[in-house]
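In: any chance you can model this:
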Amino acid sequence: MDVGMTKDAVEGSESSAGATGALDLSVVIPLFNEAGNVPTLHAEISQTLSSLGVSCEILYVDDGSTDGTGGILEDIREGDPRVVFLSFRRNFGQTAALQAGFDHARGDVIITMDGDLQNDPRDIPALLEKARHHDVVSGWRRTRKDPFWSRRLPSVIANRLISWITGVKLHDYGCSLKAYRREVIENIHLHGDLHRFVPALAARVGIDLVEMEVRHHPRRFGKSKYSIWRTFRVSLDLLVVKFFLSFSASPIRIFGGIGALVFLGGFGISVYLTFLKLALGQQIGGRPLLLLGALLLLVGVQLIMMGLLGELVARIYYERKPLYILRHHPSEKKPR
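Out: Coordinates of the predicted model:
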């Protein structure tokens, strides 16, 4: 992932990653212009994590904030050795921020949450406990404290659409408060705006997914970065996810299948026109059907060739990344 980070942030993250081995828990929090929320957020998270008694870290990812969020996070990092601070040179979006957090996280369990104080850090212990027995634990804001028409209604529609198309049934895809086991995250690489589809993408490698009701609070400081227009963007991203889930390993099945049908249509038209010309002596040169037949033949061949090219790309990709994921390495003992 190509993201820009300040020199100090890179050095800080590298030194943290090179510290003593893995941790029990990493909390990843993307932030964009949340200066009013950060001090309270860190105090609440710090209090919760201190009561857990596990080795942990807090990864704050500043997504190009312009309101002083970065400076506050720098001060927090100086006073808390558990904090890792990543700072982007500009705003790259929530997906890039989450991927950066995943790349630098060292925890066996990785919990993600928003930085606007609407997610409650007090849910972290329950998420961590469930993550010891499940691959992915997805938060469900059953009692959501957002405006109905601009936030909740579009979210309900999007959740049902995503569940229907991907086959992964969740009540609340948009909830950022989720817990992932490390082996799941290591096999997911985000791009574009696919952060909301992580559970669906993870289902591709086979996961044990559960939902958990979590608290939700009204926003206290700043303003929401979401709008009704994101519903349309979700629809477009959903097409990408559906294609990736169904045909990424064998694109010839979609392109070749459609191409074969189109080609057969053109071939049938060509046979019919040939019969008219040779058997009945009719003129076919000026018929629009002749152009349609030629067009279908050409498009069909092109689609089949696209499928073959897609197969080459898929083979190159899977040369470096296997088609299967082991639940446990043969040399490892199965966790209790």
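In: where in the stretch 1-150 of the chain is pLDDT low?
Out: Applying pLDDT under 70 to the stretch 1-150 of the chain flags the ranges 1-21.
In: can you show me the strands along it?
Out: Secondary structure of the stretch 1-150 of the chain, counting by DSSP state E, counting those that start in this stretch: strands at 23-31, 56-62, 83-87, 107-112, 136-140.
In: care to break the chain down by domain?
Out: Following automatic domain parsing, the chain resolves into domains at 7-247, 252-320.
In: now those domains as JSON lines including mean neighbour count?
Out: The way it works is simple: take the backbone N, C-alpha and C, and place the C-beta from them, glycine included. Output for the domains of the chain, formatted as JSON lines (neighbours: other CB atoms under 10 Å):
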{"stretch": "domain 7-247", "mean neighbour count": "18"}
{"stretch": "domain 252-320", "mean neighbour count": "14"}
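In: quick one on the thing from earlier: now tabulate the strands of the stretch 1-150 of the chain in a markdown table and tack on distance to residue 40.
Out: Shown next, in a markdown table, are the strands of the stretch 1-150 of the chain (distance: least, CB to CB, whole Å):
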| stretch | distance to residue 40 |
| --- | --- |
| strand 23-31 | 13 |
| strand 56-62 | 14 |
| strand 83-87 | 15 |
| strand 107-112 | 18 |
| strand 136-140 | 20 |
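In: nearest to residue 120, of those strands?
Out: Proximity to residue 120 (CB to CB) singles out strand 136-140 among the strands of the stretch 1-150 of the chain, at 9.7 Å.
In: now that closest one: how far from the chain's centre is it?
Out: Distance of strand 136-140 from its chain centroid, counting by CA atoms, centre = their mean, to the nearest Å, is 14 Å.
In: from the contact counts, what lies against it?
Out: Packing partners of strand 136-140 (3 or more CB pairs under 8 Å, 6 or more residues apart in numbering; DSSP states H and E): helix 124-131, strand 178-181, helix 198-203, strand 209-213.
In: what's the closest of the ones you listed to residue 51?
Out: Residue 51 sits nearest to helix 124-131 of all these, at 7.7 Å, using CB to CB.
In: now for that closest one, which elements pack on it?
Out: If you count contacts as 3+ CB pairs under 8 Å, 6+ apart, helix 124-131 packs onto strand 23-31, helix 38-50, strand 107-112, strand 136-140, strand 178-181, strand 209-213.
In: right, so of these, which gets closest to residue 57?
Out: Set against residue 57 and scored by CB to CB, those come closest in strand 23-31, at 5.2 Å.
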